[in-house]
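Undergrad: pasting the sequence and the predicted coordinates here, then a few questions.
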Amino acid sequence: MTEEKDISIDIEPIGYVDNPEFVAGAASGEKRKDAGWKNIDANIILKDDYADGLDDIQQHQRLIIVFWAHNSKSDSKLDRVKIHPQGKQDIPLTGIFSTSSPSRPNSVLVTVVKFVKHEGNVLTVKGLDALSGSPVIDIKPYDPEYHIGGK
């Protein structure tokens with residue numbers, strides 16, 4: 001068994017989300033049934049230092065976007081270990097790791113989006129469930145052959 005260590009993690013955003021049509025809660029609860037947000041184009045504006053990292057990105061139909069939930073409401077990380085899914089009090093408490101809730105011990109969120117276009121330091125994608133201003137931590141190509149393991 002590995003010894004637990006106190007490790008500090010420094011994360012610097014590579015850019016931010018510009019997604020004015022996406023509203024908080026649009027991808028959860030009752031609003032999830034109206035999946036209109038999945039058809040909204042959003043921009044990811046990279047810092048100039050990272051713009052060259054988008055070269056050849058158009059060869060990928062789907063991308064993994066890793067971002068920070070900068071508007072997370074919970075003050076205590078322990079508050080996020082068990083939640084009522086979709087915020088519904090009538091649903092029993094469930095372990096956070098068996099949900100897609102944005103309220104997590106660390107505010108790192110991941111989503112798969114469709115590639116739309118790339119111009120300079122701006123990447124346009126479809127179906128990004130991130131609020132405008134969300135810091136983007138990483139972008140990776142999504143390949144089901146590689147990312148889905150086992151049978």
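TA: Thanks, I have the structure now.
Undergrad: could you tell me how many residues sit around the closest residue to S132 other than its chain neighbours?
TA: With sequence-adjacent residues excluded and distances taken as CB to CB, 6 or more residues apart in numbering, S132 is closest to N19, at 5.0 Å. (Each C-beta comes from the backbone N, C-alpha and C, glycine too.) Residues contacting N19 under the criterion other CB atoms under 10 Å number 21.
Undergrad: in its sheet, what does the longest strand anywhere in the chain sit against?
TA: Longest strand of the chain, by residue count under DSSP state E: strand 108-119. Applying DSSP bridges, strand 108-119 is found paired with strand 62-68 (antiparallel), strand 122-126 (antiparallel).
Undergrad: on that earlier part again, any idea how far the residue nearest to S132 is from P102?
TA: Going from N19 to P102 by CB to CB, to the nearest Å gives 14 Å.
Undergrad: same question, D55
TA: On the measure of CB to CB, D55 and P102 end up 31 Å apart.
Undergrad: which one of the two has more residues nearby?
TA: Between D55 and P102, P102 has the larger neighbour count (other CB under 10 Å), namely 21 against 8.
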